[in-house]
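**Student:** what would the 3D arrangement of this be:
(chains A, B and C)
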Amino acid sequence: MARSLPKQRANAILLRLHHLYPDATCSLTYQSPVQLLVATILSAQCTDERVNLVTPALFAAYPDAATLAGCDRDHLETLIRSTGFYRNKAKHIQGACQKIVTEFNGQVPQRMEDLLTLPGVARKTANVVLAHAFGILQGVTVDTHVKRLSTRLGLTQQTDPVKIERDLMKLIPQPEWENWSIRLIYHGRAVCKARKPDCGHCAIADLCPAAGQ
DNA sequence: ATCCCGAGGG
DNA sequence: CCCTCTGGAT
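**Tutor:** The predicted structure is shown next:
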């Protein structure tokens, strides 16, 4: 099975992970599209668990795009400091919110093309916001977990996230695109870890060419 | 390719 | 010490 057609294998993996993580959802906490956008920017090179540690105080102080656009940058940096890259993240969050206020009428845009004009937003962040805030499946979210697992599973030979996304969009049925990412992220955190993958306890080891290597 | 950057695990 | 965590800009 590990050597069968990639498309067959991708769907078998999806089915298996669906049973393994039936309730998997986006694990960031938020109450609006802007809050999801901010949380996703904060999640770069940082666990979602840590993001969820800082966002309650952050959103209590600055709940929407208008307040974030006008907030004190140093205070913003202080509130998000523990997520790392805090100067860049603060600049991106404030810049994105200012643009949302001035160019998008205070609302997070629902078009990929528009989202990509926001500072700190590339395809990964845009895909997360489109899928979870608006239910729009424009592409496949490719983060560090999706990249690592898709490579180990032999579903792509690419290293560029945009090319990996193209490969996955051909292998996975469109309605399952975000389910794929969410469940690979769960499996990547719990079992198929970057450092020491636990192939002995992996439910899809028989579908994986890299299992036990 | 390099930089941003803190926190936790091994 | 080194590596990794739902990346993006230069």
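
**Student:** where does pLDDT dip in chain A?
**Tutor:** Filtered on pLDDT under 70, chain A yields the residue ranges A:1, A:3.

**Student:** same thing but 90
**Tutor:** Applying pLDDT under 90 to chain A flags residues A:1-6, A:212-213.

**Student:** what does it have sitting close to DNA strand C?
**Tutor:** A:26-28, A:40-41, A:43-49, A:84-85, A:88, A:92, A:118-126, A:128, A:141, A:143-145, A:148, A:161, A:181-182, A:185, A:188-189, A:193-195 (CB under 7 Å from any atom of the strand). Where C-beta positions appear, they are placed from N, C-alpha and C, glycine not excepted.

**Student:** does the top helix by length along chain A reach DNA strand B?
**Tutor:** Taking DSSP state H as the criterion, chain A has its longest helix at helix A:86-103. Yes: interface with DNA strand B: helix A:86-103 contributes A:Y86, A:R87, A:N88 (CB under 7 Å from any atom of the strand).

**Student:** A:K99 - how many residues pack around it?
**Tutor:** 18 (other CB atoms under 10 Å).

**Student:** sorry, back to before: so which of the residues of chain A next to DNA strand C are in helices?
**Tutor:** Of the residues of chain A next to DNA strand C, the ones assigned to helices by DSSP H are A:40-41, A:48-49, A:88, A:92, A:123-126, A:128, A:144-145, A:148, A:161, A:181-182, A:185, A:188-189.

**Student:** pull out the buried members of those.
**Tutor:** With burial judged by 16 or more other CB atoms under 10 Å, the buried subset of these is A:40-41, A:48, A:92, A:123-126, A:128, A:145, A:148, A:161, A:181-182, A:185, A:188.

**Student:** which one of those residues is nearest DNA strand B?
**Tutor:** Closest approach to DNA strand B among these (CB to the nearest atom of the strand): A:H92, at 9.9 Å.
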